[in-house]
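Chemist: Model the structure of this input:
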Amino acid sequence: MCHKRVRSFSAFFGFVLVLFSSLVSNADEVSSFHDAIERVNQPYKSALFYLRTGNAGVAGLELSSAGTAWKSVVEQFGKTPPKPLADDASWPQTIQKVSKAFENGVKLAAEGQSKPARAALLPIREHLHRMRQRNGLRVMADCVYDLNAYMDVLFYWRRNPADFTDAGIQRKAKAASHSYINQLKLCRSEASEELEANPDFKSVMDGAAKSAASLLKPIQAKRSDTFINVLRELKSFDVIIFVRWG
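Modeler: Predicted coordinates:
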């Protein structure tokens with residue numbers, strides 16, 4: 001009887017050990033996948049920044065690094081992705097779309113066409129964001145993706161001054177401001193301990209939060225000029241957040 005219990009316990013312990021080892025292995029694979037994508041992401045974001053300023057030459061150098069890193073992702077994970085992606089029927093299409101976007105972007109940048117090159121490359125970010133989203137994966141870049149989308153909504157009023165005497169426009173501007181403020185808080189809460197301890201991260205996020213909170217007063221005071229000035233400042237923080245952690 002005692003021997004049977006020992007054997008049963010040993011079998012159960014063996015099962016738990018195998019399960020734990022499998023979970024650790026899967027976590028390691030996902031972590032390696034995220035790291036590989038980030039090696040693509042850093043020069044890719046730099047290329048977008050340089051293209052935005054019309055510097056296609058320097059952008060081309062960054063794109064070369066990003067393209068090489070992407071080829072490494074395809075070689076390592078294209079046919080054998082980590083567990084969450086293994087069942088993703090759209091993963092091969094994501095690879096094709098990202099590869100094609102890089103191909104088009106590199107070609108246009110080489111021709112000195114900064115704006116068309118940037119337009120060709122921008123969907124890469126969305127493809128990778130959607131890929132992680134549908135597979136239950138999330139990194140800081142995904143939170144920043146949503147943050148930047150909220151800024152796009154707000155920035156409409158940068159070139160189209162809001163008439164805050166209109167109660168409907170006031171409500172929309174307040175709602176958009178609160179959405180950005182709340183998303184900033186979410187990104188801060190999702191930051192790793194290591195990132196939260198980074199002085200640069202803390203400084204930028206604190207500055208962005210203070211700037212975003214300043215949006216509400218000019219809306220209430222019906223001062224579209226002041227609102228635009230705050231938007232300009234906040235946009236600068238938003239770009240920094242994208243370049244550093246998006």
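Chemist: Now do the helix or strand where Arg125 lies, average pLDDT.
Modeler: Element membership for Arg125, per DSSP states H and E: helix 114-134. Mean per-residue pLDDT for helix 114-134: 97.
Chemist: Same check on stretch 176-192?
Modeler: Throughout stretch 176-192, pLDDT has a mean value of 97.
Chemist: So what touches that stretch?
Modeler: With C-beta atoms under 8 Å, 6 or more residues apart in numbering as the test, stretch 176-192 has contacts from 138, 140, 143-144, 146-147, 150-151, 153-154, 196, 201, 205, 208-209, 212-213, 215-216, 219, 234, 241, 245. Yep, even glycine has a C-beta here, placed from its N, CA and C like the rest.
Chemist: one more time with 7 Å
Modeler: Stretch 176-192 is contacted by residues 140, 143-144, 146-147, 150-151, 153-154, 201, 205, 208-209, 212-213, 215-216, 219 when judged by C-beta atoms under 7 Å, 6 or more residues apart in numbering.
Chemist: Select from these every entry located in strands.
Modeler: Among the contacts of stretch 176-192, no residue falls in strands (DSSP state E).
Chemist: buried residues in the helix holding Arg125?
Modeler: Along helix 114-134, these residues count as buried under the neighbour rule (16 or more other C-beta atoms under 10 Å): 114, 116-118, 120-121, 123-125, 127-132.
Chemist: Same check on stretch 81-93?
Modeler: Of all the residues in stretch 81-93, those buried under the rule 16+ other C-beta under 10 Å are Pro81, Pro82, Pro84, Leu85, Trp91.
Chemist: Next: stretch 59-72.
Modeler: Applying 16+ other C-beta under 10 Å to stretch 59-72 flags Ala59, Gly60, Glu62, Leu63, Ser65, Ala66, Gly67, Ala69, Trp70 as buried.
Chemist: Which of the helices and strands in this protein ranks last by mean pLDDT?
Modeler: The helix or strand of the chain with the lowest confidence, counting by mean pLDDT, DSSP states H and E, is helix 2-52 at a mean of 71.
Chemist: Touching, Lys174 and Lys217? I think so.
Modeler: No. Using C-beta atoms under 7 Å, Lys174 makes no contact with Lys217, being 11.1 Å away.
Chemist: Name the residue in these two with the higher neighbour count.
Modeler: Between Lys174 and Lys217, counted using other C-beta atoms under 10 Å, Lys174 has the larger neighbour count: 15 against 12.
Chemist: Check which element follows the helix or strand that contains that one along the chain.
Modeler: With secondary structure defined by DSSP H and E, Lys174 is part of helix 167-190. Heading C-terminal from helix 167-190, the first helix or strand you meet, by DSSP H and E, is helix 193-196.
Chemist: For that following helix, C-alpha coordinates in CSV please.
Modeler: These are the backbone C-alpha positions of helix 193-196, laid out as CSV (Å, rounded to 0.1, in the frame of the first residue of the first chain):
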residue,chain,number,x,y,z
GLU,A,193,9.8,47.2,-12.6
GLU,A,194,13.0,47.7,-14.5
LEU,A,195,11.3,50.2,-16.9
GLU,A,196,9.5,52.1,-14.1
